[in-house]
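Visitor: Could you work out the structure for the sequence below:
(chains A and B)
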Amino acid sequence: MIGRIALRRPPISPVVVVLGGLIIFAFVVAMIRYLNGLGATTNLNDNTPWGLWINFDLLCGVALASGAFITASMVYLFGGEQYRPLLRPAILTGFLGYLMVIVALLVDLGHPERIWYLIIFWNPHSVMFEVGWCVMLYTFVLALEFSPLVFERFGMEAPRRLIHALIIPLAIAGATLSTLHQSSLGSLYVILPDQLHKVWHTPLLPLMFWLTAVAVGPAMVIVESIISSRVFRRGLELDLLGGLARVIPFVLAAYIAVKIGDLAGSGELGLLTEWGLESGLFWLEMLGFVLLPLVLFSLPAVRQSSAWLLFSALLVVSGVILSRFAVGLIALGKPEFAASYVPHPLEFAVTIGVVSAGIVAFGLVARYLPLFTEYAASPTAK
Amino acid sequence: MAKVAILFDAFRCTGCRGCQVACKQWNDLPAEVTHNTGSYQNPPRVSADTWLVMEFREVDKGDNELAWAFGRHACMHCLHPACVSACPVGALYKTDEGPVLYHDDRCIGCRYCMLACPFEIPTFQWGAGLFEGAEIKKCTFCIDRLSDGREPACVHTCPSGALMYGERDELIAVAEGRIREHPERYLDHVYGKDEAGGTSLLYISPVAFEDLGMPELGSAPIQEDTEDIMTKATPAVLVGMLVGLGGLYWVVKRRQEMMGKNGGSGRQGDREASS
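Guide: Numbers count the residues shown, from 1 in each chain, chains lettered A, B, ... in the order given. Here you go, the predicted model:
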């Protein structure tokens, strides 16, 4: 059975006070934006309609929430029962990630009160249509996957059993929706063959976005586990994380193969030898944030050290953030508009506030709901 | 139904900007506070309050003499509009007659149309809050005038005959006739005849279309790849994932049951704790 772990923390720490302040400030900024328009709080303009919020909160947020579907698939579908101790925190990270995406989207949309129009007005040719539906449906799936924590806490046996009975279909739906959603964020930019730099534009963008999301899923579980084990002073499932990390090099290798193969296939490999911002970003991503973590995660010594695991996982996370910004902002648009957008400080304020809210919510769930299950570390773990 | 179009002849254009002003007047668009950018061109690009901007560029005629090139920057009313394909709720739509129009009461404000348009035409009301309701703005082809049997305001006001309104097929013939008649005046190309699958705005010019500010586009519609992804790849992935994952789950479960029967060796030990 699943037991609860008592977490030792003071009731209100200074960190929570700071996070609360950041949340309130972001809320105030959002109100100003609702009253006076996007122009009042952002540097978005007709040349750059999508800025920090879409690129970080949405593109990166969704990618970094992929740990939920990767872990759920491993535990429920691929027979990786041993990874169950990692499952609940991974589901929570994904669920909060998607809720944060929706909150940021509600600030960014011109007509947030009409977001539900996606349900009644259909344009199945639009990638944005798929993105919207996947966000809605997968957030619902995540809510159901998360709900047993609430049911358990309040002793609601009947609904808990219902979710338990549905968990395999839910895991299949979650993996399918995630695959569609992660890839469709890449498809969004396929419609920009003339605006997106040739180094980054390809019809294979959906595959690339999906592969990087699959690679960053385990990396995010590693980051979240190691950080939460320190913050909440609980045991660390080091051998499980090491096992999870073994998957990452294979995915990263596939990503390199697709990236290089795609450019070779379209005869654009030569672009990589022309020095420029776009080709520079390509090399930075490939060498520093794909090849380096690929090598690191392949080393047993790295997989047995929490510090090295954390470092390597953060490399993968950084690489995904870099690639999303490269496609969504840096390599996009006419060169003469390149300098026309730098995020407004208040845009950062909203992003920071939303992330703070996610951290506070994680802390609250960790304290009041059965998030961390008891785990008997095998002798190989420290 | 006949497809309407506008022919813009950059050779005949004098850069008077009468069209730009007529557009503002007819559509009741407010003045914009702008800044001197070192050019006659003003404002620097189309916006929610300016749906048509004449672009002023100086180009080398080849004999060390500079010549004005006047470009017309406004909605091209594509035959296969990327903005319409991109709009998730169908707020932007293509009419049978040609104009690309907008349901302001449907738009959710995602601004994907602005990104998708290869001509960077749709613009957003950045200063409008929730109560005013921010909308996407762009040229409407003067649909209100068209439905009244009149030509668009920009065409109506053009004093030099640089703009011409009519049926698309006829205007293509007119354009090609002018090129044939005066090959010394024009490049041998009608921009918009095939670009991005064809547009309702047709341009002929004495200078490279790039110098008029027009992007170099292929003849395939911009959204060809994404619509393939949406109509072919996505359903295939959807069905493939559901069947594949379901099948995989079944196989893995079978194997584990078999292993359990055989005495539970190997990885079986790991599973005891939680199941």
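
Visitor: Okay, now the unreliable bits of the chain?
Guide: In the absence of a named chain, chain A is used. A:1-11, A:334-339, A:374-382 (pLDDT under 70).

Visitor: I was after chain B.
Guide: Ranges of chain B meeting pLDDT under 70: B:1, B:262-275.

Visitor: Walk me through the domains of it.
Guide: What the record gives for chain B is the domain set B:4-222, B:226-270, from automatic domain parsing.

Visitor: Just give me the longest helix of the chain.
Guide: Defaulting to chain A. helix A:157-187 (DSSP state H).

Visitor: wait, I meant chain B there
Guide: Per DSSP H, chain B has its longest helix at helix B:234-261.

Visitor: is that one anywhere near chain A?
Guide: Yes. Counting by C-beta under 8 Å from any C-beta of the partner chain, contacts between helix B:234-261 and chain A involve B:234, B:237-238, B:241-242, B:245-246, B:248-249, B:252-253, B:255-256. Yep, even glycine has a C-beta here, placed from its N, CA and C like the rest.

Visitor: would you list every one of the strands in the stretch 101-250 of chain B?
Guide: B:123-124, B:136-137, B:163-167, B:201-204 (DSSP state E, counting those that start in this stretch).

Visitor: Using a markdown table, please lay out the ones you listed together with distance to residue A:179 and mean neighbour count.
Guide: Below are those laid out as a markdown table (distance: least, C-beta to C-beta, whole Å; neighbours: other C-beta atoms under 10 Å in any protein chain shown):
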| stretch | distance to residue A:179 | mean neighbour count |
| --- | --- | --- |
| strand B:123-124 | 32 | 25 |
| strand B:136-137 | 31 | 23 |
| strand B:163-167 | 47 | 18 |
| strand B:201-204 | 40 | 24 |
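
Visitor: I'd like to know which of those strands lies nearest to chain A.
Guide: strand B:123-124 (4.6 Å; C-beta to the nearest C-beta).

Visitor: got the contact list for that closest one?
Guide: Strand B:123-124 has contacts (C-beta atoms under 8 Å, 6 or more residues apart in numbering or on different chains) with A:38, A:46, A:49, A:110, B:46-48, B:109, B:111, B:114, B:134-138.

Visitor: Which one of the residues you listed is nearest to residue A:203?
Guide: Distances from residue A:203 to the contacts of strand B:123-124, taken as C-beta to C-beta, are shortest for residue B:114 (21.7 Å).

Visitor: gap between that closest one and chain A?
Guide: Per C-beta to the nearest C-beta, to the nearest Å, residue B:114 is found 4 Å from chain A.

Visitor: Next up, the contacts around that residue.
Guide: Residue B:114 touches A:46, A:49, B:120, B:122, B:123, B:124, B:136, counting by C-beta under 8 Å, 6+ apart.

Visitor: What is the neighbour count of residue A:116?
Guide: Counted with other C-beta atoms under 10 Å in any protein chain shown, residues neighbouring residue A:116 total 11.

Visitor: now do residue B:70
Guide: Count around residue B:70 with other C-beta under 10 Å applied: 24.

Visitor: Could you measure from it over to chain A?
Guide: 19 Å.

Visitor: What does that residue show for phi and psi?
Guide: phi -100, psi 120 (degrees, to the nearest 10).

Visitor: Help me confirm that it comes into contact with residue B:58.
Guide: No. Look at residue B:70 against residue B:58 with C-beta atoms under 8 Å: they stay out of range, at 10.7 Å.

Visitor: Give me the ChimeraX select line for the residues of helix B:234-261 next to chain A, limited to the buried ones.
Guide: A single ChimeraX command suffices to select whichever of these are buried according to 16 or more other C-beta atoms under 10 Å in any protein chain shown:
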select /B:234,237,241,245,248,249,256
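
Visitor: surely residue B:125 meets residue B:111?
Guide: No. Under the criterion of C-beta under 8 Å, residue B:125 makes no contact with residue B:111, lying 10.9 Å away.

Visitor: From the contact counts, what lies against whatever helix or strand residue A:243 lives in?
Guide: Secondary structure assigned from DSSP states H and E places residue A:243 in helix A:238-245. In terms of contacts (3 or more C-beta pairs under 8 Å, 6 or more residues apart in numbering or on different chains; DSSP states H and E), helix A:238-245 is packed against helix A:84-108, helix A:205-231, helix A:300-303, helix A:306-325.
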